[in-house]
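# Test case, fold it:
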Amino acid sequence: MEQKKSEIQKKRKKRKKRILFVINTMGSAGAEHALLALLHCLDCEKYDISLYVLLGQGQLMRHIPKGVRLLNRDYTELPVLSQEGRRALRRTVLRDAFTDGCLWKRLPYLMHNFRDMLHHHRILPEKLLWRLVADGSARSQGRYDLAVAFLEGGATYYVADYVNAAKKAAFVHIDYGRAGYTRNLDLDCYLSYDRVFTVSNEVKDAFLKAYPECEKYTAVFHNILDIHEIHQLAHVPGGFTDSFDGMRLLTVGRLTEQKAYDVAVEAMSLLKQRGRNVRWYVLGEGDRRKPLEHLIAARGLKKDFILIGQVENPYPFYAQTDLYVHATRFEGKSIAIEEAQTLGCAILASDCSGNREQICDGVDGKLCSLTAEGIADGIEWMLDHPEDRQRLKKAAATKQNFDMDEIRQLLELL
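Now for the predicted structure:
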């Protein structure tokens with residue numbers, strides 16, 4: 001009998017801790033890249049790690065570590081921002097909405113939050129749909145030692161409501177209120193978590209305005225970057241293919257309202273009027289492509305403001321650009337800025353939440369107002385002060401954005 005007890009105890013000691021990560025998609029965006037970097041930091045020999053992608057889609061899946069188990073039965077690597085990919089996402093959302101009558105059960109929730117959005121003159125249908133996606137997704141099996149919701153919305157609702165775990169952690173990557181989230185929308189789900197991690201101090205402050213009672217278990221967990229891989233990929237063939245001989249400007253990010261490309265186009269129009277020899281390149285896709293294309297054509301900038309689209313490896317573009325510009329309306333903590341810093345780019349960014357925490361104005365980059373004039377003036381300053389630009393580049397390259405101690409904060413929950 002004593003021998004059996006001893007064997008059972010040994011088996012318990014040998015059993016790997018089970019960790020589940022849940023994310024909305026694995027498209028090529030900042031949070032998804034940060035998750036990949038985190039997964040590569042975890043020891044699959046020590047932990048039994050699983051990943052569930054709520055919408056079962058995204059091209060980054062091929063990059064997950066070999067020891068990580070994908071729980072999705074059906075998965076497509078279609079890019080989530082491509083035309084075909086968006087159609088696939090719509091089909092998945094419709095399927096989930098009608099699974100087990102989710103739509104009808106959540107009708108009061110949908111109506112209440114839709115009225116709230118109308119009241120605030122800001123309709124965000126994707127925020128409403130995350131609840132239906134979480135309700136209609138396949139249920140996780142078994143019990144985990146730790147379940148991690150790595151993105152707001154669907155993943156956070158799913159882990160809170162449908163995952164059986166001893167401990168639960170949620171990550172917040174955005175300015176909670178500016179992004180359109182509310183406690184009514186979330187149904188107070190963050191109160192059921194053991195720990196909440198925000199990617200910056202400003203994101204933490206914004207989150208705690210909505211959830212002050214979570215202060216004791218909310219901590220900052222900066223994005224993780226694989227710096228060695230970024231430097232390697234920056235020096236493989238790729239990057240700009242035209243023969244432009246002026247100053248190249250680069251922006252990396254989804255074509256969305258948040259990223260303020262409409263203001264950037266107006267800034268470019270001013271620069272051309274002032275006779276500046278510059279060309280602006282944008283890497284990314286999104287639902288604002290057509291309106292932006294119309295605006296670019298209307299301002300006569302087809303050759304000057306170029307929407308390249310999404311690329312597999314953006315790093316050669318960072319390495320070859322003269323100036324990285326990140327003029328956004330708000331941020332959580334921008335992976336694109338961190339990548340630009342890693343590769344020693346001169347950086348101009350709008351003075352907004354998120355950006356101002358990453359850049360010290362005049363020390364390792366410059367901040368500007370989010371106006372056409374403010375952006376254009378900032379770019380001209382960089383053009384006219386090459387020595388200062390070099391100084392800012394060197395300072396950016398020395399920034400340290402992540403401390404391995406932060407991973408211990410997560411694993412302490414085990």
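# how about low-confidence regions in the stretch 51-200 of the chain?
Applying pLDDT under 70 to the stretch 51-200 of the chain flags no residue at all.
# all helices for it, in order.
Counting by DSSP state H, counting those that start in this stretch, the segments of the stretch 51-200 of the chain that form helices are 83-97, 102-105, 107-119, 125-136, 154-162, 183-186.
# what do you get for the stretch 251-400 of the chain?
Listed in chain order, the helices of the stretch 251-400 of the chain (DSSP H, counting those that start in this stretch) span 261-273, 289-298, 315-320, 335-342, 355-358, 372-384, 386-397.
# among these, which is nearest Leu129?
Ranking the helices of the stretch 251-400 of the chain by proximity to Leu129 (CB to CB) places helix 289-298 first, at 21.3 Å. C-beta: built from backbone N, CA, C; applies to glycine.
# Check what contacts that closest one and list those residues.
Helix 289-298 is contacted from outside by 255, 261-262, 265, 302, 305, 307, using CB atoms under 8 Å, 6 or more residues apart in numbering.
# of those residues, closest to Glu331?
Nearest to Glu331 among these, with distances taken as CB to CB, is Tyr261, at 14.4 Å.
# got the residue ranges for the strands in the stretch 101-250 of the chain?
144-149, 165-172, 195-198, 218-220, 247-252 (DSSP state E, counting those that start in this stretch).
# Show me what counts as buried in the shortest one.
If I follow you right, that is strand 218-220. Judged by neighbour count using 16 or more other CB atoms under 10 Å, the buried positions of strand 218-220 are Thr218.
# Report all helices and strands that it contacts.
strand 195-198, helix 201-210 (3 or more CB pairs under 8 Å, 6 or more residues apart in numbering; DSSP states H and E).
# Save those as a markdown table, and put in mean neighbour count too.
Listed next are the helices and strands packed on strand 218-220 as a markdown table, based on neighbours: other CB atoms under 10 Å:
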| stretch | mean neighbour count |
| --- | --- |
| strand 195-198 | 24 |
| helix 201-210 | 18 |
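# Any chance of a markdown table for these, columns distance to Gln341?
Output for the helices and strands packed on strand 218-220, formatted as a markdown table (distance: least, CB to CB, whole Å):
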| stretch | distance to Gln341 |
| --- | --- |
| strand 195-198 | 20 |
| helix 201-210 | 17 |
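# Nearest to Pro316, out of the ones you listed?
helix 201-210 (30.0 Å).
# Could you pull up the contacting residues of Cys189?
156-157, 160-161.
# got it, and Trp280?
Contacts here follow CB under 8 Å, 6+ apart; on that basis Trp280 touches 249-251, 264, 268, 304-306, 325.
# List only those of those residues flagged as buried.
Applying 16+ other CB under 10 Å to these flags 249-251, 264, 268, 304-306, 325 as buried.
# got any ranges where the stretch 251-400 of the chain has weak pLDDT?
Applying pLDDT under 70 to the stretch 251-400 of the chain flags residues 400.
# hang on, the earlier thing: need the helices of the stretch 51-200 of the chain in TSV (columns: mean neighbour count and distance to Glu331).
As requested, these are exported to TSV (neighbours: other CB atoms under 10 Å; distance: least, CB to CB, whole Å):
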stretch	mean neighbour count	distance to Glu331
helix 83-97	16	24
helix 102-105	14	32
helix 107-119	13	22
helix 125-136	20	18
helix 154-162	23	19
helix 183-186	16	21
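# nearest to Val196, of those?
With CB to CB as the measure, helix 154-162 is the member of those nearest Val196 (9.6 Å).
# For stretch 208-222, measure first residue to last.
One end of stretch 208-222 to the other measures 17 Å (CA to CA, to the nearest Å).
# Might one say that Asp116 is in contact with Thr182?
Yes - the pair Asp116 and Thr182 qualifies as a contact (CB atoms under 8 Å) at a distance of 6.9 Å.
# Could you grab the helix/strand/coil label for Ile49?
Secondary structure, DSSP: H, G, I helix; E, B strand; the rest coil: Ile49 is strand.
# residues in contact with it?
With the criterion set at CB under 8 Å, 6+ apart, Ile49 makes contact with 19-21, 39, 42, 67-69.
# so what pLDDT did it get?
Confidence at Ile49, expressed as pLDDT, is 96.
# swap in Lys14?
Model confidence at Lys14, given as pLDDT, is 66.
# before we move on, the earlier item: which stretch among the strands of the stretch 101-250 of the chain comes nearest Gly27?
Judging the strands of the stretch 101-250 of the chain by CB to CB, what sits closest to Gly27 is strand 247-252, at 14.0 Å.
# between that closest one and helix 261-273, how many degrees?
Angle, strand 247-252 to helix 261-273, by axes from the mean of the first three to the mean of the last three CA atoms, to 10 degrees: 180 degrees.
# hmm, who's touching strand 247-252?
240, 259, 261, 264, 276-284, 314, 317-318, 320-327, 336, 339-340, 345, 379, 383.
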